[in-house]
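Trainee: how would this look folded up:
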Amino acid sequence: MNKLIGSLMASILLSTVIHSGGSVNGAAHREQPYTMDYYIDHQMVSVEVAPAVQQGELYVPVYIMKDWRGISLQWNHNAKELSMTADGQRYVVKSGSARVSLPDGSYFTLKSPVYIDHHRMMVPLSLFEQISGGKASVSEDPKALVIDSRGKRPLAFGEADKSIAIYGEQEQEGRYQALTLDMNGNQHTYPWATPVSWKSSPQLLDMDVNGDGSSEIVVLLNQGSGTGVHAQDVHVIRADFSEVSVESFQDILKEQVSSSIQHQEGVLLLSVQVDGKETLLALPDEEGSRTNFTHVGFGAVVYHAVEDGRLVLRLAGSISPSEFIGELEVVYGWSEGRLAAERISFRPYDEYMQYMK
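Mentor: Here you go, the predicted model:
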């Protein structure tokens, strides 16, 4: 921690000298913003209040943990006091005071007083870690305060209902091995895995899948992406935390989609058959080396969405690892107690429409 503070303090002192005419007193630290990104659980988070150093200790805005699991923050405007409750323990701090009061009447004293900066209560990092249970460090490239919430910060909230959230559990080798869904304070843990990455954050969408007037939660989990690859899982959860069965794209492809690729004298003849309708493309291939595929590949790029109250699946169709020629769209409907493919269609991408036969 001393190394962390020393590195950050040197940078803040330099920044303060440059921007405040050489003043390096404590008040200047609080008044002058210091450019530093915040990364919380591998996600870059926008925080309008910069860290600051007081008496050799790093201070951060306590509101960072306002949505964390098991933590409650209550502000008393008249008394300028903040009450923080975590895991059944209550801490009270007052702006301008170094005392932290406990419910039994006892207290402990910080090295420097807490204070308010841009309407945000600033507390020392040691107190932040004690209350939140998280851990923090400073990275040099990029310059950032990196905070590990230890699974207390939600990975995502419901897009339409912020009382719905999802948390990562059992982080191992860059993946969460389980996820906990919270609906209005009730929680259930599922054996779902997803990468630990801000680019792969889950999505929580509302949808009435069976027309009963009650919304289910659609959980979209990105499993990784790269050149020519994007994997995404979908789970649909009822209000009682039971899971709705969703027909897999593998089963849909196996039962309702067929394709072929043939080489014919400088032309690559593609056929995609969906729901009794065939789409034919004749692509130029003079050297006969455009692909060695025998069928159009579906499944390397998988996206789900909720559109007009319907679950929609889109699969990009490829004729080589780097060439995608169109998109298979599946609209799900409610059938025999599950979500199954109701409408399927294939459409070439615009640049390939000229090759349709």
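Trainee: Against which helices or strands is the helix or strand hosting Gln273 packed?
Mentor: In the assignment (DSSP states H and E), Gln273 maps to strand 267-274. Using 3 or more Cβ pairs under 8 Å, 6 or more residues apart in numbering; DSSP states H and E as the contact criterion, the elements in contact with strand 267-274 are strand 257-264, strand 277-284, strand 310-320, strand 323-335, strand 338-348. All C-beta spots, glycine's among them, are computed from the backbone N, C-alpha and C.
Trainee: try 10 Å this time
Mentor: Contacts defined by 3 or more Cβ pairs under 10 Å, 6 or more residues apart in numbering; DSSP states H and E place strand 267-274 against helix 249-256, strand 257-264, strand 277-284, strand 310-320, strand 323-335, strand 338-348.
Trainee: pLDDT of the fourth one, averaged?
Mentor: To tie it back to what came earlier, the one meant is strand 310-320. The average pLDDT within strand 310-320 is 96.
Trainee: ranges for the strands of the stretch 101-250 of the chain?
Mentor: 107-109, 115-117, 120-124, 135-140, 143-148, 156-157, 164-172, 175-183, 186-190, 194-195, 203-207, 216-226, 229-237, 243-244 (DSSP state E, counting those that start in this stretch).
Trainee: Would you pull up how far the third one lies from the middle of the chain?
Mentor: Which is strand 120-124. For strand 120-124, the separation from the chain centroid amounts to 26 Å (computed by Cα atoms, centre = their mean, to the nearest Å).
Trainee: any residues touching that strand, and which ones?
Mentor: Residues outside strand 120-124 that contact it (Cβ atoms under 10 Å, 6 or more residues apart in numbering) are 30, 47-55, 57-64, 73, 75, 80-82, 84, 91, 93-95, 98, 100, 110-116, 128, 130-131.
Trainee: Please tell me I have it right and Glu255 contacts Ala341.
Mentor: Yes: assessed by Cβ atoms under 10 Å, Glu255 is found in contact with Ala341 at 8.6 Å.
Trainee: neighbour-wise, which of these two wins?
Mentor: Of the pair Glu255 and Ala341, Ala341 is the one with more neighbours under other Cβ atoms under 10 Å, namely 20 against 10.
Trainee: My guess is that one contacts Val331. True?
Mentor: Yes: if you go by Cβ under 10 Å, Ala341 and Val331 touch, sitting 7.6 Å apart.
Trainee: Might you report the residue contacts of the residue nearest to Gly326 when sequence neighbours are not counted?
Mentor: Spatial nearest neighbour of Gly326, excluding adjacent residues (Cβ to Cβ, 6 or more residues apart in numbering): Pro348 at 4.0 Å. Applying Cβ under 10 Å, 6+ apart to Pro348 gives the contacts Leu270, Val272, Thr279, Leu281, Gly317, Ile325, Gly326, Glu327, Gln354, Tyr355, Met356.
Trainee: Do you know the pLDDT at the spatially most central residue of the chain?
Mentor: Nearest to the mean C-alpha position of the chain, by Cα atoms, centre = their mean, lies Ser201 at 2.1 Å. Ser201 is assigned a predicted lDDT (pLDDT) of 84.
Trainee: Contact partners for it?
Mentor: Taking Cβ under 10 Å, 6+ apart, we find Ser201 in contact with 41-43, 154-156, 166, 168, 194-195, 220-222.
Trainee: From Glu247, how far out is it?
Mentor: According to Cβ to Cβ, to the nearest Å, Ser201 and Glu247 sit 25 Å apart.
Trainee: quick check, nearest of the contacts of Pro348 to Met183?
Mentor: Among the contacts of Pro348, Glu327 lies closest to Met183 (Cβ to Cβ), at 33.1 Å.
Trainee: mind listing what Gln130 touches?
Mentor: Ala86, Gln89, Tyr91, Val100, Phe108, Val123, Pro124.
Trainee: what sits against Gly288?
Mentor: Gly288 makes contact with His263, Gln264, Glu265, Gly266, Val267, Leu268, according to Cβ under 10 Å, 6+ apart.
Trainee: can we see that at 8 Å?
Mentor: Residues in contact with Gly288 (Cβ atoms under 8 Å, 6 or more residues apart in numbering) are His263, Gly266.
Trainee: Give me the PyMOL select line for the contacts of Gln130, limited to the buried ones.
Mentor: Per 16 or more other Cβ atoms under 10 Å, the buried members of these correspond to this PyMOL selection:
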select buried, resi 86+91+100+123+124
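Trainee: Of all pairs in the contacts of Gln130, which one spans the longest distance?
Mentor: Longest span within those, Cβ to Cβ: Gln89 and Pro124, 17.2 Å.
Trainee: Look up which residues are beta-bridged to Tyr91.
Mentor: Beta-bridge partners recorded for Tyr91 (DSSP bridges): Met84.
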